[in-house]
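> Got a predicted structure here, sequence first:
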Amino acid sequence: MRNKAPRGFVVDRGISPIDGQPYVAIATLKSTNAKTGDMVQVFILRPDIAPLAAIVSGDDRTICGDCPHRRRWDAALQRFVRSCYVDVGKSVNSVWRAFARGSYPDYDPSLHARYIRGRRIRWGAYGDPAILSESVVRDLTALSDGHTGYTHQWRRPFAQWCRGFFQASCDSFADYLAASETGWRTFAVVPQGAAPYAGKLCPATADNSQAQCITCRLCDGAKQDVHVVAHGNGAAYVGAA
């Protein structure tokens, strides 16, 4: 009788080059995300702090760096806002709780490579994949049928191995120009109602589109500049002062 397939596994642990604090990367094997499709989803988390608590305390900087979509004080509104599209209270928190219970074994190529082989990987369902071990990312991606990935750390020296592998996340025309000039393919988040300034609209977000990330091969860091109109619960705060 074959052993039951795992829900996922820990693929990397380390110290973040952003602030010297620990991170853990967990690959989950089943996803109902309508936009991405059933890709292997890699969540990058603080192992020692629950995700919602890390957002409030600012300790999510370990895994997100100085991403402008993190929680911040809005002087005009006189309250904290967060423009990140990820609903941390749902899937991210669920993955962290399962990790805290010991539900995810450490990745063992001899046992687990078959669960990656031929699948597509979403590097960074939460967190910035540029902080991960390059060897881990490349080895798992080599087993896969392709990947997506985005990094806000594209200006940082430690992230330069990601050029040509992940899209540079851009939040302004100036970002787009700077990233392009240094050889990155870009993924730009455009505020609602604003004119796009970079590349092709993400096919998975186009009106009436049936496209999903699992079937689209644009965001692999090597092919195409892509943009998306801000979406999710925090979309109204994208581009806000």
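That came through, no problem. All of these numbers come straight from a predicted model, not from anything done at the bench.
> got the buried residues for stretch 163-170?
163, 165, 166, 167, 168, 169, 170 (16 or more other C-beta atoms under 10 Å). Every residue, glycine included, has its C-beta placed from N, CA and C.
> scratch that, stretch 142-160 is what I was asking about
Residues 143, 146-156, 159 are the ones in stretch 142-160 that count as buried (16+ other C-beta under 10 Å).
> pLDDT score for residue 231?
We note a pLDDT of 65 for residue 231 in this prediction.
> Show me what the helix or strand encompassing residue 174 is packed up against.
If you go by DSSP states H and E, residue 174 is part of helix 173-181. With contacts taken as 3 or more C-beta pairs under 8 Å, 6 or more residues apart in numbering; DSSP states H and E, helix 173-181 sits against strand 167-170, strand 186-190.
> Now do the contacts for the nearest residue to residue 115 once chain neighbours are set aside.
Spatial nearest neighbour of residue 115, chain neighbours left out: residue 29 (5.6 Å); criterion: C-beta to C-beta, 6 or more residues apart in numbering. Neighbour list for residue 29: 5, 6, 7, 8, 40, 115 [criterion: C-beta atoms under 8 Å, 6 or more residues apart in numbering].
> Among those, which one lies nearest to residue 207?
Within those, the smallest distance to residue 207 is 28.0 Å, found for residue 40 (C-beta to C-beta).
> What is the neighbour count of the closest one?
By the criterion of other C-beta atoms under 10 Å, residue 40 has 24 neighbours.
> For residue 222, see how far away it is.
19 Å (C-beta to C-beta, to the nearest Å).
> cool, and residue 118?
For residue 118 relative to residue 222 (C-beta to C-beta), the value is 20 Å.
> Comparing these two, which shows the higher neighbour count?
residue 222 (13 against 10).
> so the most centrally placed residue in the chain, which of the three states?
Ranked by distance to the mean C-alpha position of the chain (C-alpha atoms, centre = their mean), the top residue is residue 124 at 2.5 Å. For residue 124, the secondary structure call by DSSP: H, G, I helix; E, B strand; the rest coil comes out as strand.
> Now it. Nearest residue, chain neighbours left out?
Nearest non-adjacent residue to residue 124, counting by C-beta to C-beta, 6+ apart: residue 149, 5.7 Å away.
> Now do the same contact list for the closest residue to residue 8 other than its chain neighbours.
Distances taken as C-beta to C-beta, 6+ apart place residue 28 nearest to residue 8, at 3.8 Å, with adjacent residues excluded. Residues near residue 28 by C-beta under 8 Å, 6+ apart: 7, 8, 40, 41, 42, 43, 95, 125.
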